[in-house]
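1. The following block contains a protein sequence and its predicted model.
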Amino acid sequence: MTFTAPEQFTTRPTLQGTFGMSASTHWLATAAAQAVLERGGNAFDAATAGAFVLHVVEPHLNGPGGDMTGVFVTASDPGKPVVLMGQGPAPAAATVEHYRAEGLELVPGSGALAAAVPAAVDAWLLLLRDHGTWELDAVLEFAVDYARDGHPMLGRVGTTIAAVAELFQEHWPSSAELWMPGGRIPAEGELIRNPAYARTLERLIAAGLADSSREARIDAARREWSEGFVAHAMVESVQTPHRHSSGTDHAGVLALPDLAGFAAGYEAAATVEFRGHTIAKTGPWGQGPALLQTLAILDGFEDRFLDPSTELGAHTILEAQKLALADREAYYGDTDVPLDYLLSEEYCAGRRALITERASHEFRPGQVPGREPYLPVLRTEYTPPALAQVGSVGLGVGEPTVAPSGETRGDTCHIDVVDRWGNMVSATPSGGWLQSSPAIPELGFCLGTRLQMTWLEPGTPSTLTPGKRPRTTLTPTLVLREGRAVTALGSPGGDQQDQWQLPYLLRTIVGGYSPQQAIDAPTFHTTSMPGSFWPRTWEPGGAVVEDRLGGDVIAGLERRGHVVTVAGGWTLGRLSAVVRDPATGVLQAAANPRGAQGYAAGR
């Protein structure tokens with residue numbers, strides 16, 4: 001074995017059983033999902049219940065006004081990975097001309113101008129309707145109870161509120177009223193409630209009570225969301241100008257036809273073969289295929305080049321990621337992307353040849369016949385003109401992913417579920433976090449900011465365009481072997497999501513690690529690409545590593561030219577995973593110990 005042997009001690013066991021497994025970024029969501037399995041629900045019932053709990057208990061990381069992507073297989077067709085598409089497009093009035101006329105150079109990172117059409121709720125309800133078995137009221141019962149009766153607040157929620165308290169008090173009074181009742185930030189462990197959101201969910205349930213079938217009742221809730229009281233409240237909320245991350249005030253552009261005209265859906269997954277496994281991701285309207293490209297580049301190396309715990313392996317992985325992420329910027333978007341070519345053996349061999357013993361500090365997209373790669377403005381720092389004179393950047397901006405120090409501040413959520421029948425789902429809900437835009441008092445949540453991933457320059461693959469989806473970073477993963485799904489996994493982390501999943505895949509597929517060993521092992525990522533989130537900056541040659549990678553490895557990376565930021569030993573990555581052996585039916589689950597928040601459950 002050329003791989004570094006895994007640590008025998010793990011922070012928690014890799015769970016094993018045959019009944020069902022759930023894993024997520026919050027123990028309450030995991031517990032809710034597992035409770036559904038215990039009461040006879042399937043993986044889709046369970047994942048939906050857990051996802052709505054995540055809206056309540058991780059409000060700084062996701063919300064109903066945001067988005068989600070998922071990838072799943074059904075027990076009846078375990079070899080066919082399907083993408084659950086819950087990424088809304090830009091509203092009809094979200095044009096480059098309008099944003100430029102508002103004096104903006106970039107789509108803001110907070111405020112309603114950054115809002116795509118909310119899609120998460122419709123996507124979960126679609127999945128429940130088509131593949132679940134439970135009634136909507138039973139699925140939402142967990143979230144309604146936590147919103148109405150309260151749940152102990154995470155310390156990180158309070159930290160997030162504290163970071164944006166001034167913004168709330170001075171510019172977003174509805175957010176201050178919801179998250180700082182009486183002008184006070186709730187303490188860690190204090191019961192916090194969101195009765196407005198509980199009432200919103202109850203009204204969705206009530207919308208379909210008169211319908212005769214389970215499917216019709218769920219569709220009635222979807223219409224109430226997209227055309228009824230929720231839609232009207234969302235549209236009314238954006239009409240008042242309010243502070244954005246640009247430091248200036250703007251009204252939003254979301255309108256009722258945008259909401260009524262959108263529906264979540266299903267798509268075929270993009271896939272690549274790697275060491276006898278099929279890796280399934282979203283299409284190139286998300287960043288998922290960048291992981292596929294990275295694996296296709298790495299597949300041509302000997303195993304010793306793929307060990308994330310060694311200097312050679314970490315260097316090779318970082319360099320391959322830079323090349324794939326450059327292609328992400330140059331070609332990916334909700335448009336005609338030449339993905340077959342980008343994943344082809346010939347193209348990836350050419351990209352592989354660019355990797356040398358030295359770290360590249362260049363932005364190097366590949367050449368696709370008949371295409372010109374988009375070359376973004378490469379900024380190492382950015383201050384909006386409106387804020388240049390006051391010397392500070394607006395609060396609540398972007399996706400709160402990783403601080404310059406390497407500290408993971410957390411963003412987004414993730415949930416994985418597998419049941420005893422073989423249904424398996426991996427999903428990454430995000431957006432609409434409490435610091436996105438002003439809270440909507442009648443609804444108990446705010447709109448998301450996914451449009452910040454679009455550009456205001458013409459001719460890019462992800463230029464802001466009405467009706468087009470922003471190139472999302474949400475990127476769950478499904479792994480298949482011999483035509484059957486074996487693993488569902490994912491991680492929050494913005495641009496780092498796939499970068500943190502890659503070492504897991506290499507360690508489990510090539511190195512033989514157990515799921516928990518792979519999650520616990522030290523990880524790293526590159527910052528040598530334009531960020532997907534406002535203010536879209538990059539760090540040439542940048543690499544952020546956990547200090548547990550070891551002094552010799554870190555020094556070796558620096559000698560090779562990487563600009564290394566050393567983070568704490570347990571700071572990067574928030575992976576979870578569930579596993580199923582099709583031959584025996586044995587199930588496994590593992591969750592991230594970092595942040596003392598994620599948990600797995602099962603039997």
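-> Good, I have the coordinates.

2. and the residue lying closest to Val563 once chain neighbours are set aside, what does it touch?
-> Nearest residue to Val563, sequence neighbours excluded (Cβ to Cβ, 6 or more residues apart in numbering): Gly541, at 4.4 Å. Bear in mind the C-beta positions are built from the backbone N, C-alpha and C, glycine included. Shown in contact with Gly541 (Cβ atoms under 8 Å, 6 or more residues apart in numbering): 359-361, 528, 561-563.

3. again, but for Ile415
-> 22-25, 29-30, 33, 47, 50-51, 54, 425-427, 429, 576.

4. Return the subset of those residues lying in strands.
-> 22-24, 425-427, 429, 576 (DSSP state E).

5. can you list the residues you listed in JSON lines and add neighbour count and pLDDT?
-> Shown next, in JSON lines, are the ones in strands among the contacts of Ile415 (neighbours: other Cβ atoms under 10 Å; pLDDT from 0 to 100):
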{"residue": "Ser22", "neighbour count": "32", "pLDDT": "98"}
{"residue": "Ala23", "neighbour count": "36", "pLDDT": "98"}
{"residue": "Ser24", "neighbour count": "36", "pLDDT": "98"}
{"residue": "Val425", "neighbour count": "30", "pLDDT": "98"}
{"residue": "Ser426", "neighbour count": "32", "pLDDT": "98"}
{"residue": "Ala427", "neighbour count": "30", "pLDDT": "98"}
{"residue": "Pro429", "neighbour count": "36", "pLDDT": "96"}
{"residue": "Ser576", "neighbour count": "28", "pLDDT": "97"}
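
6. Among the residues you listed, which one lies nearest to Pro535?
-> Pro429 (24.5 Å; Cβ to Cβ).

7. Quick check: beta-bridge partners of the closest one?
-> Here Pro429 shows beta-bridge partners Met68, assigned using DSSP bridges.

8. That one contacts Pro64, correct?
-> No: in this structure, Pro429 is not within contact of Pro64 by Cβ atoms under 8 Å, at 9.4 Å.

9. shared neighbours, these two?
-> 55, 120.

10. Report the contact partners of Ile297.
-> 320, 323-324, 348, 351-352, 355.

11. Wait, a helix at Leu506?
-> Yes: judged by DSSP: H, G, I helix; E, B strand; the rest coil, Leu506 forms part of a helix.

12. Ignoring the adjacent residues along the chain, who's closest to it?
-> Leaving aside its sequence neighbours, Leu506 sits nearest to Leu306 (Cβ to Cβ, 6+ apart; 5.0 Å).

13. count of residues packed around that neighbour?
-> Counted with other Cβ atoms under 10 Å, residues neighbouring Leu306 total 27.

14. And the one 3 residues further on, by the same measure?
-> Here the count is done by other Cβ under 10 Å, and Ser309 has 22 residues near it.

15. At the geometric centre of this protein, which residue do we find?
-> Of all residues in the chain, the one closest to the mean position by Cα atoms, centre = their mean is Leu474, 3.5 Å from it.

16. Can you tell me the SS state at it?
-> Going by three-state DSSP: Leu474 is coil.

17. pLDDT below threshold where in the stretch 1-150 of the chain?
-> Scanning the stretch 1-150 of the chain for pLDDT under 70 picks out the ranges 1.

18. 90 instead?
-> Counting by pLDDT under 90, the stretch 1-150 of the chain contains low-confidence ranges at 1-2.

19. go on, the stretch 301-450 of the chain?
-> In the stretch 301-450 of the chain, residues with pLDDT under 90: 376-412.

20. Quick one: the strands in it, in order.
-> Assigned by DSSP state E, counting those that start in this stretch, the strands in the stretch 301-450 of the chain fall at 415-419, 424-430.

21. for Gly155, phi and psi?
-> phi -60, psi -30 (degrees, to the nearest 10).

22. Is it in contact with Glu188, as I believe?
-> Yes: Gly155 lies in contact with Glu188 (Cβ under 8 Å); the separation is 3.8 Å.

23. mind checking the longest helix of the protein?
-> Taking DSSP state H as the criterion, the chain has its longest helix at helix 311-331.

24. quick one: the nearest residue to Val425 once chain neighbours are set aside from Gly490, how far?
-> Closest residue to Val425 apart from its sequence neighbours, by Cβ to Cβ, 6+ apart: Phe72 at 3.9 Å. Phe72 is 12 Å from Gly490, where distance means Cβ to Cβ, to the nearest Å.

25. So between these two, which is more surrounded?
-> Neighbours around Phe72 and Gly490, counted as other Cβ under 10 Å, are more numerous at Gly490. The numbers are 33 against 27.

26. partner residues bridging that one?
-> So, taking DSSP bridges as the rule, Gly490 has Ser576 as bridge partners.

27. Pull out the buried residues from the longest strand anywhere in the chain.
-> Longest strand in the chain by number of residues, with DSSP E as the criterion: strand 77-86. Under the neighbour-count criterion of 16 or more other Cβ atoms under 10 Å, strand 77-86 has 78, 81-86 buried.

28. Farthest-apart pair in those residues, please.
-> Of all pairs drawn from those, the widest gap by Cβ to Cβ lies between Pro78 and Gly86 and measures 22.4 Å.

29. hang on, the earlier thing: so of the contacts of Gly541, which ones are in helices?
-> Per DSSP H, the contacts of Gly541 never map to helices.

30. I'd like to know which of the residues you listed is nearest to Ala92.
-> Nearest member of those to Ala92, counting by Cβ to Cβ, is Ser528, at 36.2 Å.

31. give me phi/psi at the closest one?
-> Torsion angles, degrees, to the nearest 10, at Ser528: phi -90, psi 50.

32. and if you look at Ala231?
-> When read as degrees, to the nearest 10, the backbone of Ala231 gives phi -60, psi -50.

33. Show the contacting residues for it.
-> Counting by Cβ under 8 Å, 6+ apart, Ala231 touches 225, 256, 259-260.

34. How about Gly569?
-> Gly569 sits next to 522, 546-548 when contact means Cβ under 8 Å, 6+ apart.

35. Roughly how far does it sit from Leu113?
-> Distance from Gly569 to Leu113, by Cβ to Cβ: 39 Å.

36. So which elements touch the host helix or strand of Ser226?
-> Taking DSSP states H and E as the definition, Ser226 sits inside helix 214-227. Counting by 3 or more Cβ pairs under 8 Å, 6 or more residues apart in numbering; DSSP states H and E, the packing neighbours recorded for helix 214-227 are helix 120-131, helix 136-149, helix 195-206, helix 256-260.

37. Can you say which of those is packed in most?
-> helix 120-131 (a mean of 24; mean count of other Cβ atoms under 10 Å).

38. Tell me where the stretch 251-400 of the chain has helices.
-> 256-260, 288-298, 311-331, 339-342, 345-352, 385-388 (DSSP state H, counting those that start in this stretch).
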